[in-house]
Structure formats: structure tokens, C-alpha cells
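Participant: Compute the structure for the input listed below.
(one chain, ligands or ions: 1)
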Amino acid sequence: MPPIDVMPRRERLEPVRILELAEQLPGLIFQLHRNEDGHLHFPCLMGSGTRLLDLDPDRLAETAQPALERLHEADYPRLMAAIERSERWGTPIISKFRLTLPKESCRWIAVRAQPQRVEDGVLWHGMMLDISEQVAEEERLRTLSDSDALTGLANRRKLLKRLDEEISLSNRHATPLSLMMIDLDHFKTINDTWGHLQGDEVLTELARCCQALLREEDLLARLGGEEFALLLPLTSRRNALHLAERLRRVIAEHTFGPLGAGRITVSIGITEHRVGDSRDNLLQRADGSLYQAKHRGRNRVVGDG
Ligand SMILES: Nc1nc2c(ncn2[C@@H]2O[C@H](COP(=O)(O)OP(=O)(O)OP(=O)(O)O)[C@@H](O)[C@H]2O)c(=O)[nH]1
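Facilitator: Down below sits the predicted model:
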């Protein structure tokens, strides 16, 4: 008995049909050639993504320059380094970059390409995909994981991250850095008297109130419950004390919805970074100052030292 042919029969595609198919691809397939003197051009570009580029493929077959000019300036060095690395080590290019387009602001593109050494240089065979939606979603998730759901402020996680960065900058450049702990006074009574929902309103309003007095580079975070932290880069203890006093006064005079003015007060503890301080040292000292402010009667500011 003849063997049964279990292999599926593939339809043979005419070259013209392959071209039609390639043009429908949701992205772009390409060959990028770099000759010995570094000149780049695209001998082949196919896929619906070529329309996104809005550039003449015949021109790109001569030089990649018009496409390179569309690269976001912050991504240009990284992509060029990826090309160099790929050429030198024969490893694939795996990267992403932003393209500045004439009609839109910019799109994120992922690229993957395999190098092949050819007689007069290197030829990459690769594909590009528009990943702008995916990048936007990642950004949204990152923001979510770094922020406090009630107030929209940074959360503890974000504060600790920034604190590490700022401590390292402060150590390297010997620049001042201060940290404030802000805690609502007798918040339990507010909740018990006005209800938890109104308590939430107070927390949100307090966040707005503080934020309005801060600079772009300051970071206000909600650590949890009714405790907030304020990180102040390039700020000495003396200046932090001034700001804290201002915050304390503004909050004590602010009208918090139906509670009116004068009901909400905060206690504030401050410390300034000292060379060699760890993150925990700084947090502990700021906490110690806050404890002192509570202990001395609340609605006041205490700096350490
Ligand atoms: N509404 C609201 N209340 C919260 C939230 N998180 C914590 N709390 C409440 O905050 C109150 C904190 O109470 P305590 O730790 O005793 O502090 P306090 O009453 O502010 O007293 P002092 O800090 O000593 O002035 C508790 O009643 C918590 O239930 C929140 O997200 N929303």
C-alpha cells in the first residue's frame, strides 16, 4: 500500500501575491544595508507601515537619512549604538524608538533585525511594529502602581524610589535635600464625627492644598492613612522649616468643606540629609521629629538637631 501523504498541501503563491500579502502586514518588513563607509539605506521596505513613515521608498532605497531624521532625538544615540553593536558582534538588533511624524506627535516603534555579513558591508533583515498603544498602556500601569488611589499623589513605593535617587544625587553633588513628614492631627475624631467618606474628602483636599504650594521637583506622597511625606530636593533644613510653617498655617486656616475652617491641623517633622545617610536614617529622623511635634501639642513644626 502506498504511504499516506499526511503533509498539508500548501498553496503555491505567485510572487505578485506575496507582494500583495506583504503590503497588508500590520507593520513593516525591511532590509537595511550598511556599506563599509557607514552609509545606510533600505534596499527593501514592505508592509502597511511604510505609509506611516510617509516617505518615498525609492528615496529610502538610496539613503536612510530621511527616516533617521524622523527619529526622536532622545532615541537616536541608542538606536545607532544598537546598530553598531549588531554589526560588530553579529547579534540581532532588538530595540525600540520614537518616530516623529508629520501629522501626529510621535509613535513608538519596536524593531528586530538579524544581521548578515555581505561582500560590501552588513545587511539586516528585520521587521518593525507600531507599539504606541502598548507603550501607553505600560505607562498607565506604571502610573497606577506608583500612585495612591484616593488622592492621586505618589505612594510609598514611589517615594522610596525617588528618595534613593535624590540621596544619591545629594551625596554626589553635595546638594541639600530635606524630608518632611506630615500627619493630620486627631484624624480619628474627624472620622468619628463626620464619617469616613468626609474623612476621605479631607485627605484629598489636604493633598490639593499642599500641592498648590510646592515646586515641580518636590514630591508629595501619601504613605498611608493620614500620613504624608514631602521630599524637597535642593532644599536646606532652614528653607524646609519655612515651607513647613507656611503649609501648617495654610492648612489650619483652610476651609475643609462642611467642616469649615480651623478644624484641620497637621503636625510636621523635618530632617535634612547628611552625607552618608541611608534612606532609613533619613526616614527615622523625620519620623522622630514628627513624634516630637505630636508630643509637644500638635499643630506645629519640628526640625531635628
Ligand atoms: N477617612 C479615612 N480615614 C483613614 C484612612 N486611613 C486611615 N484612616 C483613619 O485615620 C485615623 C488615624 O488615627 P490615629 O492613628 O489614632 O491618629 P489621629 O487620630 O490622627 O491622632 P494623632 O495622629 O495622634 O493626632 C484612624 O481612625 C483611621 O481609621 C483613609 O484612607 N480614609
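Participant: And what about the residue of the stretch 1-150 of the chain found nearest the ligand, helix, strand or coil?
Facilitator: Here the residue of the stretch 1-150 of the chain nearest the ligand is Leu150; by CB to the nearest ligand atom that distance is 5.7 Å. (Each C-beta comes from the backbone N, C-alpha and C, glycine too.) Of the three states, Leu150 takes coil according to DSSP: H, G, I helix; E, B strand; the rest coil.
Participant: residues contacting it?
Facilitator: Asp200, Leu203, Thr204, Arg222 (CB atoms under 8 Å, 6 or more residues apart in numbering).
Participant: Return the member of the residues you listed nearest to Arg98.
Facilitator: Arg222 (32.5 Å; CB to CB).
Participant: Leu203 versus the nearest residue to the closest one once chain neighbours are set aside, what's the distance?
Facilitator: Spatial nearest neighbour of Arg222, excluding adjacent residues (CB to CB, 6 or more residues apart in numbering): Asp148 at 4.2 Å. Taking CB to CB, to the nearest Å as the measure, Asp148 falls 9 Å from Leu203.
Participant: what's the overlap in contacts for those two?
Facilitator: In contact with both Asp148 and Leu203: Arg222, using CB under 8 Å, 6+ apart.
Participant: hang on, the earlier thing: out of the contacts of Leu150, which end up buried?
Facilitator: Those of these that meet the buried threshold are Leu203, Arg222, by 16 or more other CB atoms under 10 Å.
Participant: contacts with the ligand among the contacts of Leu150, please.
Facilitator: Checking those against the ligand by CB under 6 Å from any ligand atom, the ones in range are Asp200, Leu203.
Participant: Which of the contacts of Leu150 fall within strands?
Facilitator: Of these, the ones assigned to strands by DSSP state E are Arg222.
Participant: can you list the contacts of Leu150 in CSV and add pLDDT and distance to Gln24?
Facilitator: Converted to CSV, the contacts of Leu150 look like this (pLDDT from 0 to 100; distance: CB to CB, whole Å):
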residue, pLDDT, distance to Gln24
Asp200, 97, 52
Leu203, 98, 53
Thr204, 97, 50
Arg222, 98, 50
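Participant: burial of the closest residue to the ligand within the stretch 51-200 of the chain, as a residue count?
Facilitator: Per CB to the nearest ligand atom, Gly199 is where the stretch 51-200 of the chain lies closest to the ligand, at 2.6 Å. Each residue near Gly199 was counted by other CB atoms under 10 Å, and the total is 18.
Participant: So for stretch 211-228, what gets flagged as buried?
Facilitator: Neighbour count says stretch 211-228 has Asp218, Leu219, Leu220, Ala221, Arg222, Leu223, Glu226, Glu227, Phe228 buried, by 16+ other CB under 10 Å.
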